[in-house]
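*Asks:* Build me a model from this:
(2 chains)
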There are 2 protein chains.
Amino acid sequence: MALIVQKYGGSSVADANSIKRVAKRIVETSRAGNHVVVVVSAMGDTTDELQDLANEITPLQDPRELDMLLTAGERISMALLAMAIKSMGSDAVSYTGEQVGIVTDEKHGSAKIQRISADRVREALDNDAIVIVAGFQGTTATGDVTTLGRGGSDTTAVALAAVLHADVCEIYTDVDGVFTADPRQVPLARKINSITSEEMLELAAAGAKVLHLRAVEFARRHGVTIHVRSSFSNQQGTLVFDPEKGYPEGATVEESIVTGIAVDQNDAKITVVGVPDAPGRAAQIFEIVGATNVNVDMIVQNVSANDTKRTDISFTVPMQDGPAVVTALRAAESAIGYESLQFDDQIAKIAVVGAGMRTNAGVATKLFKALFEAGINIEMISTSEIRISVVTRADMVAKAQQVLHTAFELDGADEAVVYAGTGR
Amino acid sequence: MALIVQKYGGSSVADANSIKRVAKRIVETSRAGNHVVVVVSAMGDTTDELQDLANEITPLQDPRELDMLLTAGERISMALLAMAIKSMGSDAVSYTGEQVGIVTDEKHGSAKIQRISADRVREALDNDAIVIVAGFQGTTATGDVTTLGRGGSDTTAVALAAVLHADVCEIYTDVDGVFTADPRQVPLARKINSITSEEMLELAAAGAKVLHLRAVEFARRHGVTIHVRSSFSNQQGTLVFDPEKGYPEGATVEESIVTGIAVDQNDAKITVVGVPDAPGRAAQIFEIVGATNVNVDMIVQNVSANDTKRTDISFTVPMQDGPAVVTALRAAESAIGYESLQFDDQIAKIAVVGAGMRTNAGVATKLFKALFEAGINIEMISTSEIRISVVTRADMVAKAQQVLHTAFELDGADEAVVYAGTGR
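*Replies:* Predicted structure coming up:
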C-alpha cells in the first residue's frame, strides 16, 4: 500500500465546489488503494483578506498575532475538506500544524521547521483515515503558532512526506507541471516529464515559480520525490527526483543538455563606482551589505575605466531590498572611499539549467553566441556546475529567453496550453 | 490591583472600527490599574457565515470538523484585538482555548469545561500583559478542538474568572444590563441594578436572553460576580452576585418582592390523552420521553373529563424537539394504552422571579388575580421557591407580561432605551 502526500494550493480550494472536486480526487486516490495525507492552503484569497483586515487595524502588526490571524485560513479550508470527504463515505480527519507536531523556530512569518512528530498522522493512517493537515503553519516549542512564509504549504507537504517516508509528494497546482520555460512567455515551452532535484533547485533559485525554493531544498535534502501536477486534469505532471536514489516509476532519462530556463525580473543591480583598489575593500562593502540581512546574488568586480587604481563592484539584490542597501552604503561612503553609487532596476536575470552541462563542454559558448547573434548584451555572468546565469537589460529578457529556448533545442511541437485565472 | 475579566460578544467586535473601540476600553481599564483578561467572540456574523460554508459542502457535518471550522472565527477576532491593543502602546497577547488549557469533554458542539489550567494567563498577567482569550472553545484531553455551544463565550469568561479568582466578570453586550422584562416588549421595563445569582438563574432558565444559563450556573457554583453592561456606554449595568458571599461594590439591596419577568415562546405542549389511571403509567411515559434526550419542563396531570378511569398528562418540551417526542410516544401507543396525542405549539411560558417570594405570601394570588382580571387563561402552573411560571396562549403572553410588570410594581418612570441592531 503506497503512501501519497498531496498538496492543494488556494486556487484548487477557492470555493465549496472546488473543495468538493478536490475531495473527489482525494477519495479516488484513497480507493485506488493508497494511504493519503493531504496538505491544504487557505481558500482562494483568504490569506490576503485576513491581511487586509489586519491592515485596517494597524499598519504595524505584531508578528505573533499576525500568525495567529493568518492560520485561521487553513483552519477553514481543512475542516471543510475533511467534511466533504466524509460526506463521500471515506473517513477523514483534519489536523492543525500543532496537532501533527510541526515544531518550528520562533521566527514568526517565516519560521523554519525543526522537527515533526506526526504521531497523530500515523495513528489516523493506521485507522484507514485520510489525513488533512493545515499547510503553512507550525508551533514553537512553547506552543505559539507560527507561519512558514511564502510557499509554506509546499514545505509542509514535502516535510511530511519526508517524515512519513511517503512514496511521492504530489504538489497540485494550476499548471500541468514544470515547463522548459514559462509558457506564458515562451509559447513553445514543453512540459518536463522528469527533472533531478538538483536541477529543480537551480531553476527555483533562478526564479521558476511553480515550486518554492525551500520546498525543493527540503525534498533534495531528504530524498523526497515530488510530482508537480495540475488539479484540473489527470495527466502526469513533472517528477522531481534524486537519480542517485533510483528512478521513480514514470521518470525518464532525458537526453538534453539543458533542462529548462528561468527568468527573474525582481532583482536590481547596485554598482559601487571607484572603490580604491586596496586589499579588504570588497570585504568591507559586503560586510556592510550583509548587516542589512539582504541576500546578494551575483557579484562582478571590474577595473574602473577612468582610473586604474580604482575598481567598480557590482552586485544584484532583490529589488525591494535595494533602498536599504543603498542607505547603508551611503552611510559608509567616507569609510569605504568610493566615488559614487549606481542603482539599476532595469535588469533581468536569465538562467539556463541542466545536469548535462557537467559532461558537455561548450554550453557557455553556445549561450554567448546565441545571445550575441540576437544582439543581446550580457552585463553579468555567474555559473554553477549545472547552471549559467546572465544579466541583461530588462527589455531584452523575453527575446533572450526565446532565443536560448530555441538554441538549446527545448522548443516543443505545439504551443503549451495556459490555463486562465492562474496564480498559486 | 484588581483582576477584571471582560467578555465582548460578536456585535461589539463586528468590524475593524468596533475592534479599535473595544481595544480602547480595554486599554483604559488596564491603565486605571487593573489586570485585564478579555474573552472575545467571533466578529459579527462570522460564525453564521462559516456555518453557511459548511452547509454548502454537506448538510450532515462531522461534529469534530465543524468545531475545527467554527473556532477559526475567534482566532481572527482575538488576533486583531491583540494587534489593536498593542498599537495603542499596551502589551497584549492572544491565546486559543487550548493554549490557556481549557479542557472539555468530547461532546463536540456543546462541550462542557472540565478544567482550566490558565498557567499561560497567569504568566502573561505577571508580565503586565493584557490577555485575550478565544471564547466558545476548548480542547479535549487528547487535543481535539471543541466548542461550548450557544452562549459559550459567556461560559469561557465566567470559568476563567472563577479559576483566576477575578474580582468581577464583566459581560459586555448591546443592552445596558438585565431588565425587569424585555424592554422591546415592555416599554416601561427598568434596568435592574443588582440581582442575586439565584434569581438570575431562574430568569435565564425561564427565557431571559441577556445571560446564558450555563454561564449563570457556573457563576453561581463558583461565586463569580458578573457585571452585565453595555459596550456602547460607560454606565453601570447589572451586578449578578451571591449575597451570602457579601455585597460587591455598587450592589444595592432591592426591596421589591418580584425582581423580573421572563417569557419563553420556544416551547410546545404535548398532551397524552386518556392514559389508563394505573400505577406506573406516568413513569412509563417519561421513560419513553427521557430516552429521546429531550428536556421536559412543566408537567401537569389531570383527571380526564370523559372517563374517570383515565387521566390526561401534559408537558412542555422545546418546540424543535416536539416531533421526536411525538414519534417516540406513537411507537409506544399500544404499550401505554392512551387514546390520543395532542401537540400544541401555540403556547408561551411566563415566569415571575424574585427572592422576596420566599418570605412574602400571596404572590401567587396576586399573579392569578392580575391575569384573571385581564381575561388571560392559565393552562399550566409550576413553581420554585423564588419563581412562579404559567403557560398561556401564545397570543396572550405580551399582554400577560405587561399586566404582571405593572401588578408587581416593576414599571419605571420612563421608557427604556433600546439600541438598534441588537442581538448577541
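*Asks:* From here on, just use CA atoms for contacts and neighbour counts.
*Replies:* Fine.
*Asks:* Ends of stretch A:181-188, what's the gap?
*Replies:* 9 Å (Cα to Cα, to the nearest Å).
*Asks:* Enumerate the positions of that stretch that are buried.
*Replies:* A:181, A:182, A:183, A:186, A:187, A:188 (16 or more other Cα atoms under 10 Å in any protein chain shown).
*Asks:* what do you get for stretch A:58-73?
*Replies:* Within stretch A:58-73, the residues that count as buried by 16+ other Cα under 10 Å are A:58, A:61-73.
*Asks:* I'd like the residues you listed as TSV, with distance to residue A:10, pLDDT and secondary structure appended.
*Replies:* Written out in TSV, the entries for the buried residues of stretch A:58-73 read as follows (distance: Cα to Cα, whole Å; pLDDT from 0 to 100; DSSP: H, G, I helix; E, B strand; the rest coil):
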residue	distance to residue A:10	pLDDT	secondary structure
A:58	26	95	coil
A:61	24	94	coil
A:62	25	96	coil
A:63	22	96	helix
A:64	23	97	helix
A:65	22	97	helix
A:66	19	97	helix
A:67	17	97	helix
A:68	19	97	helix
A:69	17	97	helix
A:70	13	97	helix
A:71	13	97	coil
A:72	14	97	helix
A:73	10	97	helix
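*Asks:* before we move on, the earlier item: pick the one among the buried residues of stretch A:181-188 closest to residue B:102.
*Replies:* Relative to residue B:102, the closest of these is residue A:182; by Cα to Cα it sits at 50.4 Å.
*Asks:* ok, now which ones touch residue A:380?
*Replies:* A:298, A:299, A:300, A:390, A:391, A:392 (Cα atoms under 8 Å, 6 or more residues apart in numbering or on different chains).
*Asks:* Mark which of those residues are part of strands, please.
*Replies:* Among the contacts of residue A:380, the members found in strands (DSSP state E) are A:299, A:300, A:390, A:391, A:392.
*Asks:* Where neighbours are concerned, which of these has the most?
*Replies:* residue A:391 (25 neighbours; other Cα atoms under 10 Å in any protein chain shown).
*Asks:* so what pLDDT did the residue nearest the centre of chain A get?
*Replies:* The centroid of chain A falls nearest to residue A:212 when counting by Cα atoms, centre = their mean (1.9 Å). The model reports residue A:212 with a pLDDT of 89.
*Asks:* doesn't residue A:154 make contact with it?
*Replies:* Yes. With contact defined as Cα atoms under 8 Å, residue A:212 counts as touching residue A:154 (6.9 Å).
*Asks:* Let me know how buried residue A:109 is, in neighbour terms.
*Replies:* 20.
*Asks:* likewise the one 5 residues further on?
*Replies:* By other Cα under 10 Å, the residues close to residue A:114 number 12.
*Asks:* Kindly report the same for the one 10 residues further on.
*Replies:* Using other Cα under 10 Å, the number of residues around residue A:124 comes to 18.
*Asks:* sorry, back to before: return the residues in contact with the residue nearest to the centre of chain A.
*Replies:* Residue A:212 neighbours (Cα under 8 Å, 6+ apart): A:150, A:151, A:154, A:155, A:204.
*Asks:* Tell me the residues of chain A that contact chain B?
*Replies:* Residues of chain A found near chain B (Cα under 8 Å from any Cα of the partner chain) are A:16-17, A:19-20, A:50, A:53-54, A:56-58, A:60-62, A:65-66, A:68-70, A:72-73, A:75-76, A:79-80, A:82-84, A:86-87, A:93-94, A:99, A:143.
*Asks:* one more time with 7 Å, if that's ok
*Replies:* Residues of chain A lying close to chain B (Cα under 7 Å from any Cα of the partner chain) are A:16, A:20, A:54, A:56-58, A:61-62, A:65-66, A:68-69, A:72, A:75-76, A:79-80, A:82-84, A:87.
*Asks:* picking up where we left off before, quick one: least confident of the contacts of residue A:380?
*Replies:* residue A:300 (85).
*Asks:* That one against residue A:313, yeah?
*Replies:* Yes. With contact defined as Cα atoms under 7 Å, residue A:300 reaches residue A:313; the gap is 5.9 Å.
*Asks:* Tell me who's in contact with the closest residue to chain B within the stretch 201-350 of chain A.
*Replies:* Proximity of the stretch 201-350 of chain A to chain B (Cα to the nearest Cα) peaks at residue A:231, 18.8 Å away. Listed by Cα atoms under 7 Å, 6 or more residues apart in numbering or on different chains, the contact set of residue A:231 reads A:12, A:172, A:173, A:174.
*Asks:* again, but for residue A:153
*Replies:* So residue A:153 contacts A:39, A:40, A:41, A:135, A:136 (Cα under 7 Å, 6+ apart).
*Asks:* Leaving out the residues flanking it, which one is nearest to residue A:187?
*Replies:* residue A:415 (5.1 Å; Cα to Cα, 6 or more residues apart in numbering or on different chains).
*Asks:* quick one, phi psi at the one you found?
*Replies:* Dihedral pair for residue A:415: phi -70, psi 140, per degrees, to the nearest 10.
*Asks:* okay, now it: neighbour count?
*Replies:* The local packing of residue A:415 (other Cα under 10 Å) involves 13 other residues.
*Asks:* That one contacts residue A:188, doesn't it?
*Replies:* Yes. Between residue A:415 and residue A:188 there is a contact under Cα under 7 Å: 4.7 Å.
*Asks:* Is the closest residue to chain B within the stretch 151-300 of chain A part of a helix or strand, or is it coil?
*Replies:* Residue of the stretch 151-300 of chain A nearest chain B, by Cα to the nearest Cα: residue A:153 (18.3 Å). Per DSSP: H, G, I helix; E, B strand; the rest coil, the local secondary structure of residue A:153 is helix.
*Asks:* How far off centre is the helix or strand containing residue A:406?
*Replies:* According to DSSP states H and E, residue A:406 maps onto helix A:397-407. Using Cα atoms, centre = their mean, to the nearest Å, the mean C-alpha position of helix A:397-407 is found 22 Å from that of the whole chain.
*Asks:* same thing with stretch A:134-151?
*Replies:* Its chain's C-alpha centre and that of stretch A:134-151 lie 18 Å apart, by Cα atoms, centre = their mean.
*Asks:* And stretch A:197-209, by the same measure?
*Replies:* Put simply, stretch A:197-209 sits 7 Å off its chain's centre (Cα atoms, centre = their mean).
*Asks:* hmm, who's touching it?
*Replies:* A:211-213, A:216-217, A:220, A:240-242, A:262-264, A:351, A:353-355, A:387.
*Asks:* What about those residues, which are in helices?
*Replies:* Secondary structure from DSSP state H places A:213, A:216, A:217, A:220 of these in helices.
*Asks:* Give me the below-cutoff pLDDT ranges for the stretch 101-250 of chain A.
*Replies:* In the predicted model of the stretch 101-250 of chain A, no residue satisfies pLDDT under 70.
*Asks:* Can you show me the strands along it?
*Replies:* A:102-104, A:113-116, A:130-134, A:137-139, A:145-147, A:168-173, A:194-196, A:226-230, A:238-241 (DSSP state E, counting those that start in this stretch).
*Asks:* could you dump the contacts of residue A:212 to JSON lines with neighbour count?
*Replies:* Shown next, in JSON lines, are the contacts of residue A:212 (neighbours: other Cα atoms under 10 Å in any protein chain shown):
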{"residue": "A:150", "neighbour count": "14"}
{"residue": "A:151", "neighbour count": "20"}
{"residue": "A:154", "neighbour count": "31"}
{"residue": "A:155", "neighbour count": "29"}
{"residue": "A:204", "neighbour count": "21"}
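*Asks:* follow-up on the earlier one: for the ones in helices among the contacts of stretch A:197-209, which one is nearest residue B:130?
*Replies:* Nearest to residue B:130, judged by Cα to Cα, of these is residue A:213 at 39.0 Å.
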